[in-house]
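Peer 1: coordinates for the following, if possible.
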Amino acid sequence: MPTLQDVTTRARKGSLDPVYVLVGTERLLIERAVDAVRKAVDEMGAPGFNIEIFDGKGLEAAVAISAARTLPMMADKRLVLIRRLDAMTPTEQNHLAEYLKDPSDTACMVMTADKLDGRSKLGKAAKKAVCLIDAKPLRGRELREFIRAEATARDHNIAPQAVETLLDAVGDDLAAIDDAMERLSLFVGAGQRIDADAVMRCVTRIRVESIWSLVDAIGLKDRRKGIAAAQSLLDDREPPLRLLAMVARQLRIVARMREALSEGLRPQEAAKRAGAPPFKASDLTESARRFTADSLGRAFTLIAETDRALKGSKRPPDVILQDAVLELCADGP
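Peer 2: Next up, the predicted model:
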């Protein structure tokens, strides 16, 4: 199955498939792929004349299919872009599934959606046509590889500790990472190495400090401090699911720090082992002392339950997150 990067790379070389179904919430990568396809079509001739864009809400599949089967103007291909595919009715999606069996060879139809039922007729047809591309959020190694690739694309080498410091500062939001890399590139200068000091001096740390305040409140079992920290982040319009992911990440760092310290490592070395910047060594040492193995285990279990609730419950997400904070701080003041 091709990846979003495959689509982008091939499109930049002028190679396009008849259909792409891009499904997931990683909007930055989806938009980069769409932009690459759009530029490829424009470069085939008559820029702007062979691109039609539709919104899925209320869209009749026949309209998009007709556009795809219309011959391009002074070019090899047309681009038919359907955004919010998941807003189309199941019946109209079924018509698109039929199109996938015999797509036009003079068009590139790109459909984007946050979700698509793999059991649906369209989902099955997209899989069979090998045009269904997963745009799920990057995690772990993939996320770090993305940061390194962003640095390389801007002609920079980035230090491993700078990667971790950047993640600490902005989390796993690719748009925020992209913006931070642009600022870092200008800050260090053309061709210069990006180190942790540059990240600390250039990238704002307000959000991560608020996250640590929340983690500290959990460690102290301080409900008032915990709710205040959570509310502050929610007031900044941080999505509850993302906040939960960041809290989970910080607690994983605490767990690794606790393990490293138990092996006799010095705080600075333990922080490095835990994947945290050196300046957090002192705070992490204190956090590691507050959390027991049992309390961390209970915290991760609750985080997993809250994650499921945020993705499937009809309750307001901010209420779900606040309830989780209260439970994580149970038996406190």
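
Peer 1: switch to C-alpha atoms for all contacts and neighbour counts from now on
Peer 2: Fine.

Peer 1: Asp168 is in contact with Ile177, correct?
Peer 2: No. Counting by CA atoms under 8 Å, no contact exists between Ile177 and Asp168, whose distance comes to 10.9 Å.

Peer 1: same for the helix or strand harbouring Gly226, what does it pack against?
Peer 2: Assessed by DSSP states H and E, Gly226 sits inside helix 223-235. Where contact means 3 or more CA pairs under 8 Å, 6 or more residues apart in numbering; DSSP states H and E, helix 223-235 is packed against helix 206-220, helix 317-328.

Peer 1: just the CA trace of the first one, in PDB.
Peer 2: Think helix 206-220. The C-alpha atoms that make up helix 206-220 are tabulated as PDB, following Å, rounded to 0.1, in the frame of the first residue of the first chain:
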ATOM      1  CA  ILE A 206       4.500  28.000  27.300                       C
ATOM      2  CA  ARG A 207       2.500  24.900  26.500                       C
ATOM      3  CA  VAL A 208       5.000  22.300  27.700                       C
ATOM      4  CA  GLU A 209       5.400  24.100  31.000                       C
ATOM      5  CA  SER A 210       1.600  24.000  31.400                       C
ATOM      6  CA  ILE A 211       1.600  20.300  30.700                       C
ATOM      7  CA  TRP A 212       4.400  19.800  33.300                       C
ATOM      8  CA  SER A 213       2.300  21.800  35.800                       C
ATOM      9  CA  LEU A 214      -0.500  19.300  35.200                       C
ATOM     10  CA  VAL A 215       1.800  16.300  35.600                       C
ATOM     11  CA  ASP A 216       3.200  17.900  38.800                       C
ATOM     12  CA  ALA A 217      -0.300  18.300  40.100                       C
ATOM     13  CA  ILE A 218      -1.000  14.600  39.500                       C
ATOM     14  CA  GLY A 219       2.100  13.700  41.300                       C
ATOM     15  CA  LEU A 220       1.200  15.900  44.300                       C
END
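
Peer 1: can you offset everything so residue one is 56?
Peer 2: Got it, first residue is 56 now, which makes that one helix 261-275.

Peer 1: contacts for that helix?
Peer 2: With CA atoms under 8 Å, 6 or more residues apart in numbering as the test, helix 261-275 has contacts from 223-226, 278, 280-282, 284-285, 287-288, 298, 301-302, 305-306, 342, 345-346, 380, 383-384, 387.

Peer 1: determine the three-state secondary structure at Ala66.
Peer 2: Following DSSP: H, G, I helix; E, B strand; the rest coil, we place Ala66 in the helix state.

Peer 1: distance of it from Phe109?
Peer 2: 21 Å (CA to CA, to the nearest Å).

Peer 1: which one of these two is surrounded by more residues?
Peer 2: Using other CA atoms under 10 Å as the criterion, Ala66 and Phe109 rank with Ala66 on top: 21 against 17.

Peer 1: how about the more buried one, what does it touch?
Peer 2: Residues near Ala66 by CA under 8 Å, 6+ apart: 88, 91-92, 95.

Peer 1: nearest to Gly173, of those residues?
Peer 2: Ala88 (21.6 Å; CA to CA).

Peer 1: is it correct that that closest one is in contact with Gln60?
Peer 2: Yes. Under the criterion of CA under 8 Å, Ala88 makes contact with Gln60 at 7.4 Å.

Peer 1: if you count what's nearby, which of these two comes out ahead?
Peer 2: Between Ala88 and Gln60, counted using other CA under 10 Å, Ala88 has the larger neighbour count: 24 against 13.

Peer 1: please name the nearest non-neighbouring residue to that one.
Peer 2: Thr63 (4.7 Å; CA to CA, 6 or more residues apart in numbering).

Peer 1: and the one you found, how far from Ser342?
Peer 2: 43 Å.

Peer 1: can you show me the strands along this structure?
Peer 2: Remark: strands assigned in the chain by DSSP state E are 74-78, 106-110, 133-138, 162-168, 187-189.

Peer 1: returning to what we had before: can you give me how far the helix holding Gly281 is from the chain middle?
Peer 2: Here helix 278-290 is found 24 Å from its chain centre; the criterion is CA atoms, centre = their mean, to the nearest Å.

Peer 1: one step back: weakest of the helices and strands packed on helix 278-290 by average pLDDT?
Peer 2: Mean pLDDT values for these show the minimum at helix 261-275, a mean of 73.

Peer 1: could I get the buried residue list for it?
Peer 2: Neighbour counts over helix 261-275 (16 or more other CA atoms under 10 Å) mark 262-263, 265-275 as buried.

Peer 1: from Phe201, how far off is the nearest residue to Leu229 once chain neighbours are set aside?
Peer 2: Nearest residue to Leu229 in three dimensions, chain neighbours excluded: Leu83, at 6.5 Å (CA to CA, 6+ apart). Relative to Phe201, Leu83 is positioned 12 Å away (CA to CA).
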